[in-house]
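Engineer: any chance you could fold what I've pasted below:
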Amino acid sequence: MKLLVQAVYSFVSAILLVSAAARVTHSLAAQTDANISRSKAWALVLDGKRFRSRQYNDDGTPRPWDVLVFNDGKFISENCKPYGFVEGPYWLRYDGDSVHFLAELQSPTHGTMVWRGTVKGEKIEGSLVWTKKRWYWTIIRTFNFTGSIEK
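Structural biologist: Numbers count the residues shown, from 1 in each chain. Predicted coordinates:
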C-alpha cells in the first residue's frame, strides 16, 4: 500500500511539475512577443530620424559637427563613413519618455565604435567608445556627444 501511495504521489508531482513548466514557458513566450512588438514600435520612433550632433573630447574640446542617422533598424555616424565604418543594428530600451539606444559600428581598418545614448523629445546625448587594436597596443578613446533632430 505504501508503495502505491508513493507511486501515485510521484506521478501527480511529475504532472504538476510539467504543467507548471508549460505555464512558465507559455508566459515567457507571451512576454517575449510583447517585448518584441514594443521594441518594433519604439524602433519606428527612431527610424528615419537624423540628429545633428557634436562630439566632445574628454577635456571638453569640441570636435566637428556630425549627423547621426537611424534608418531601417540600423545606425550610422556620417563622419565615420570615410573611415570604413558601416551602419550597424541598434538596440533600444525605453524609460518613460526617453529612449536609450546602443549601437556597434565596425570598420575593417579602424576598429569598433560602441555608441550609447538617450533620445528625449528632439534631443540626443550620449557617449561613444572607439577601440582600435594595433600590433603592440590598443587605442581606446571615449567621446561624449549632444545634439538635436535635424529639420
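Engineer: might one say that Gly84 is in contact with Leu105?
Structural biologist: No. Using C-beta atoms under 8 Å, Gly84 makes no contact with Leu105, being 9.7 Å away. In short, each C-beta sits where N, CA and C put it, glycine included.
Engineer: more crowded one of these two?
Structural biologist: Leu105 (26 against 13; other C-beta atoms under 10 Å).
Engineer: and the one helix or strand the more buried one maps to, average pLDDT?
Structural biologist: Using DSSP states H and E, Leu105 sits within strand 98-107. Averaged across strand 98-107, pLDDT comes to 96.
Engineer: okay, buried residues for it please.
Structural biologist: Within strand 98-107, the residues scored as buried using 16 or more other C-beta atoms under 10 Å are 99-101, 103, 105, 107.
Engineer: among the residues you listed, which pair sits farthest apart?
Structural biologist: Val99 and Ser107 (25.9 Å; C-beta to C-beta).
Engineer: sorry, back to before: other residues contacting the strand holding Leu105?
Structural biologist: 42, 45-46, 70, 75-77, 80, 83-94, 112-120, 126 (C-beta atoms under 8 Å, 6 or more residues apart in numbering).
Engineer: before we move on, what about stretch 143-151?
Structural biologist: By C-beta under 8 Å, 6+ apart, stretch 143-151 touches 49-58, 63, 66-68, 117, 122-128, 130.
Engineer: centre of the chain to that stretch, how far?
Structural biologist: Counting by C-alpha atoms, centre = their mean, to the nearest Å, stretch 143-151 is centred 18 Å from the centre of its parent chain.
Engineer: okay, buried residues for that stretch please.
Structural biologist: For stretch 143-151, by 16+ other C-beta under 10 Å, it's 143-145, 147.
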